[in-house]
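Undergrad: could you work out the structure for the sequence below:
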Amino acid sequence: MANIKEIKHKLHTRHSGGKAPDNSYRRLIKQAINATLQSESVDIPCVVSVLITDDTGIRRYNRNYRNLDKATDVLSFPMQTFIHAGWNGRGDLELDDDTGRLPLGDIVISAETVNKQAETYGNTIELETAFMIIHSTLHLLGYDHDNKSNTEKMKSRSELILRDIQYLIDKG
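TA: Model prediction:
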């Protein structure tokens, strides 16, 4: 088995609506995804795509895919099925024939909502963004918050990973 730290995941970020994020924002998103995948012991290269948008953009996705006509902070669109939450719960994986990577899924994040939430909760924009990306990446790995037990499991995983990321955020 390969050393987890040696695995090179492919992370795509793109922008639609609102002000284009700078490179440090995109780098933070990639760090949060990589930290989550490493924490979950993901041992094969994955592909994750992230769309950074505004409230109008995410509202459209929320309406089209969840029948909820309102903006939200982040949406996850998993491309794999997990028997239970976490990398150990993976079922049959469908690797991309051309790249040999696992297409894990897509994340849509509203920078506009995340910025508002950061102010509401007294967090920095970086910390709130990292938390939302960690949360969404855990959804791609089969985590959910559909009952109290799953909510606690997801919350504890998120907080553990966020502590690792916070060091990088604070370090600059």
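Undergrad: ranges for the helices of this protein?
TA: With helices called from DSSP state H, the chain shows them at 23-39, 55-66, 111-121, 125-140, 148-171.
Undergrad: of these, flag the one that's most buried.
TA: Most buried of the helices of the chain by mean neighbour count (mean count of other CB atoms under 10 Å) is helix 125-140; its value is a mean of 24. Where C-beta positions appear, they are placed from N, C-alpha and C, glycine not excepted.
Undergrad: tell me the angle of that helix relative to helix 23-39?
TA: 40 degrees (axes from the mean of the first three to the mean of the last three CA atoms, to 10 degrees).
Undergrad: next, format the helices of the chain as a markdown table and append mean pLDDT and distance to residue 96.
TA: As requested, those are exported to a markdown table (pLDDT from 0 to 100; distance: least, CB to CB, whole Å):
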| stretch | mean pLDDT | distance to residue 96 |
| --- | --- | --- |
| helix 23-39 | 93 | 16 |
| helix 55-66 | 97 | 22 |
| helix 111-121 | 96 | 28 |
| helix 125-140 | 95 | 15 |
| helix 148-171 | 85 | 25 |
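Undergrad: okay, those helices in JSON lines with distance to residue 91 next?
TA: Output for those, formatted as JSON lines (distance: least, CB to CB, whole Å):
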{"stretch": "helix 23-39", "distance to residue 91": "18"}
{"stretch": "helix 55-66", "distance to residue 91": "22"}
{"stretch": "helix 111-121", "distance to residue 91": "31"}
{"stretch": "helix 125-140", "distance to residue 91": "14"}
{"stretch": "helix 148-171", "distance to residue 91": "18"}
